[in-house]
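Enquirer: please work out how this folds:
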Amino acid sequence: MYKKTQKPAPSKICDHPDCQEEGTYPAPKDRSLSSYYWFCLKHVKEYNKKWDYYKGLSPEEIELSIQHDTVWHKPSWKMSGAGPTSPLQDPFQLFPDSANPHQEGPKHKALPKKTARFYEACAFMELPPDFTLEMLKKNYKKLAKKFHPDTSSIKNADVLFKTLKETYDFLIKQM
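Expert: Numbers count the residues shown, from 1 in each chain. Below is the predicted model of the structure:
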């Protein structure tokens with residue numbers, strides 16, 4: 001049976017001047033990432049600390065490069081039907097008429113801020129309905145200490161602590 005033997009890769013000497021160690025670590029020469037220096041471990045660490053991928057680019061070019069990176073350098077197209085020449089289909093009249101930019105949108109009834117859940121949340125947090133952000137934060141900290149499962153002797157402290165967090169999040173959204 002014929003056995004294939006592999007030749008060992010030719011060893012390279014470190015590309016750093018005055019170094020004779022084996023260069024086993026590649027480091028890019030430029031932004032194209034097509035050619036590399038070969039360094040020993042000590043010199044590749046030094047090189048990597050100093051190397052800047054964006055060196056020589058203006059801030060605008062850097063920003064453009066980052067924007068292209070976010071879409072993996074794929075082309076993108078404008079959405080059809082949204083330009084000034086083709087009006088949007090708006091059967092519920094959610095947007096003002098594009099022909100008359102000063103026209104106001106439809107008047108919708110706002111949901112009442114103070115619902116039954118709002119009042120229950122205020123009662124749980126020991127707050128008046130016209131509370132301020134400072135009052136909310138102060139009572140949240142006080143109740144968090146009271147209901148924290150690690151420090152509280154209350155039977156269902158973990159459930160109360162979770163409810164406290166949900167109530168706090170709800171009231172923050174109401175502000």
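Enquirer: all contacts plus neighbour counts: C-alpha atoms, from now on.
Expert: OK.
Enquirer: and the pLDDT at residue 5?
Expert: Looking at residue 5, its pLDDT is 55.
Enquirer: ugh, wrong one, I meant residue 79
Expert: Note on residue 79: pLDDT of 54.
Enquirer: does anything pack onto the host helix or strand of residue 122? Which helices or strands?
Expert: Element membership of residue 122 [criterion: DSSP states H and E] is helix 116-124. Packed against helix 116-124 by the contact rule (3 or more C-alpha pairs under 8 Å, 6 or more residues apart in numbering; DSSP states H and E) you find helix 157-174.
Enquirer: relative to helix 116-124, how tilted is the helix it packs on?
Expert: Relative orientation of helix 157-174 and helix 116-124, computed by axes from the mean of the first three to the mean of the last three C-alpha atoms, to 10 degrees: 120 degrees.
Enquirer: poorly predicted segments of this structure, please.
Expert: 1-11, 76-113 (pLDDT under 70).
Enquirer: show the contacting residues for the nearest residue to residue 41 once chain neighbours are set aside.
Expert: Leaving aside its chain neighbours, residue 41 sits nearest to residue 25 (6.6 Å; criterion: C-alpha to C-alpha, 6 or more residues apart in numbering). Contact analysis of residue 25 by C-alpha atoms under 8 Å, 6 or more residues apart in numbering lists 38, 39, 40, 41, 44.
Enquirer: could I have the helix or strand where the last one lies exported to PDB, CA atoms only?
Expert: When you say that, I think you mean residue 44. Element membership for residue 44, per DSSP H and E: helix 41-50. What follows is helix 41-50, C-alpha atoms only, in PDB (Å, rounded to 0.1, in the frame of the first residue of the first chain):
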ATOM      1  CA  LEU A  41       5.400  35.300  19.500                       C
ATOM      2  CA  LYS A  42       7.300  38.200  21.200                       C
ATOM      3  CA  HIS A  43       7.400  40.300  18.100                       C
ATOM      4  CA  VAL A  44       3.800  39.600  16.900                       C
ATOM      5  CA  LYS A  45       2.500  40.800  20.200                       C
ATOM      6  CA  GLU A  46       4.500  44.100  19.800                       C
ATOM      7  CA  TYR A  47       3.300  44.500  16.200                       C
ATOM      8  CA  ASN A  48      -0.300  43.800  17.100                       C
ATOM      9  CA  LYS A  49      -0.300  46.500  19.800                       C
ATOM     10  CA  LYS A  50       0.900  49.100  17.300                       C
END
